[in-house]
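Asker: One predicted model, sequence on top.
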Amino acid sequence: MPGPGPHMLYTLGTGQALTAISNGRFSPHHSLTYAVNAFFGPDLGSFSQWLASTLGLGRTFASCVEQLVHHPFYYVLVLGFPLSLLYSWVSKVVLRKGLLDSVSGVPLSRKQCFLLISAGSLSHFFLDHLFEENGHSSMYTWILSTGWWESRAPVNPDAVIVIGFLCTSLICGFIYINRVKSLKSIRNRSNESMRLILIIASLYCLWCASQIYLVNPRRAPVGEEADLGVLVFLGIYLFLPHGLCIMSMNPKEYAGSEEQLPL
């Protein structure tokens with residue numbers, strides 16, 4: 001599975017991109033908290049198991065901890081609240097001592113830390129699910145299982161109609177929402193576009209799931225493509241953590257000036 005380097009580089013790189021486009025609302029405090037939880041967070045269980053094995057202490061207990069903590073959601077449920085208290089306190093200390101700039105001049109709140117802990121855990125497994133167990137992880141195996149690999153996938157007319165309708169609706173709806181001379185603000189248009197994307201994605205997944213799990217015998221929902229697995233995976237492990245990072249940003253009144261953070 002990926003080691004410390006990929007986890008840290010992926011999340012710190014993402015953090016710096018968010019810092020640049022948000023003019024400092026996503027601060028270095030955000031980036032570091034996000035990166036630490038993506039790198040060391042869920043691997044706390046693995047580290048405790050290794051430490052117990054090395055010292056000959058409580059291997060059974062350490063193994064239970066590893067199975068409980070090394071999980072995209074259990075990590076947040078078990079350690080999210082206490083760690084949010086810890087990271088919020090650390091943010092105040094390093095800011096007061098001048099060790100790490102926050103651009104806005106304010107430390108992270110407990111809520112912001114909890115969002116970043118959740119985002120870090122999901123981003124950790126974004127890499128783990130793709131690049132561990134020699135490509136045979138349970139998540140990756142399920143993603144591929146939603147495709148059609150038995151023979152050449154049949155082209156079903158109803159599948160062409162449904163998928164064509166959904167994709168056309170997505171494109172036309174997006175153009176309509178963002179049409180020239182629209183009286184709505186950019187934020188409102190962005191929110192409407194996001195709702196449209198979520199609706200189409202949900203209908204797309206519903207169609208794929210119905211063809212895979214409800215129809216007997218199973219049919220190819222979109223040719224040989226594993227669209228259901230890909231959409232679910234990207235939604236949970238790519239878009240959701242980035243959305244949590246955006247939700248954790250400081251309010252606009254705390255944004256840095258152009259002189260503090262040039263774009």
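Answerer: Structure's in. What do you need? Numbers count the residues shown, from 1 in each chain.

Asker: Just to check, S182 is in contact with E192?
Answerer: No. Under the criterion of C-beta atoms under 8 Å, S182 makes no contact with E192, lying 9.9 Å away. Where C-beta positions appear, they are placed from N, C-alpha and C, glycine not excepted.

Asker: When the two are compared, which one has more neighbours?
Answerer: E192 (17 against 13; other C-beta atoms under 10 Å).

Asker: Please name the nearest non-neighbouring residue to that one.
Answerer: I177 (4.9 Å; C-beta to C-beta, 6 or more residues apart in numbering).

Asker: can you check G235 too?
Answerer: A201 (7.0 Å).

Asker: how about the one you found, secondary structure?
Answerer: Assigned with DSSP: H, G, I helix; E, B strand; the rest coil, A201 falls in the helix class.

Asker: Report how many residues lie close to it.
Answerer: For A201, using other C-beta under 10 Å, the count is 17.

Asker: now S185: how far from N178?
Answerer: 12 Å (C-beta to C-beta, to the nearest Å).

Asker: So for the two, which sits in the more crowded spot?
Answerer: N178 (14 against 9).

Asker: OK, contacts around the more buried one?
Answerer: Counting by C-beta atoms under 8 Å, 6 or more residues apart in numbering, N178 makes contact with R189, S193.

Asker: Model confidence for the residue nearest to Q211 when sequence neighbours are not counted, exactly?
Answerer: Counting by C-beta to C-beta, 6+ apart, P221 is the residue found nearest to Q211 once chain neighbours are left out, at 3.8 Å. As predicted, P221 sits at a pLDDT of 92.

Asker: can you check the one 5 residues further on too?
Answerer: The per-residue pLDDT reported for A226 equals 94.

Asker: now swap in T141 and tell me
Answerer: For T141, the model assigns a pLDDT of 92.

Asker: Name the SS class of it, please.
Answerer: helix.

Asker: Check the secondary structure at V222 for me.
Answerer: V222 - assigned by three-state DSSP - is strand.

Asker: and the nearest residue to it once chain neighbours are set aside, how far is that from V230?
Answerer: Nearest residue to V222, sequence neighbours excluded (C-beta to C-beta, 6+ apart): I163, at 5.8 Å. Using C-beta to C-beta, one gets 14 Å for the distance from I163 to V230.

Asker: Compare those two and say which is more crowded by neighbours.
Answerer: I163 (19 against 15).

Asker: That one looks like it's in a strand, true?
Answerer: No. The assignment for I163, made by three-state DSSP, is helix rather than a strand.

Asker: Settle this for me: it is touching W207, isn't it.
Answerer: Yes. With contact defined as C-beta under 8 Å, I163 counts as touching W207 (7.5 Å).

Asker: what about the helices in the protein?
Answerer: Using DSSP state H, the helices found in the chain span residues 4-22, 28-39, 44-55, 59-69, 74-96, 110-130, 138-145, 157-177, 186-209, 227-234, 240-247.

Asker: comparing the ones you listed, which gets the lowest mean pLDDT score?
Answerer: What stands lowest among the helices of the chain, in mean pLDDT terms, is helix 44-55, with a mean of 62.

Asker: how far away is the closest residue to G15 other than its chain neighbours from N191?
Answerer: When the adjacent residues along the chain are set aside, G15 lies closest to S31, with 2.9 Å between them (C-beta to C-beta, 6+ apart). The gap separating S31 from N191 is 26 Å, by C-beta to C-beta.

Asker: what about I117, how many neighbours?
Answerer: Residues near I117, counting by other C-beta under 10 Å: 27.

Asker: what does G15 give?
Answerer: 24.

Asker: Same question for E150.
Answerer: For E150, the neighbour count with other C-beta under 10 Å is 9.
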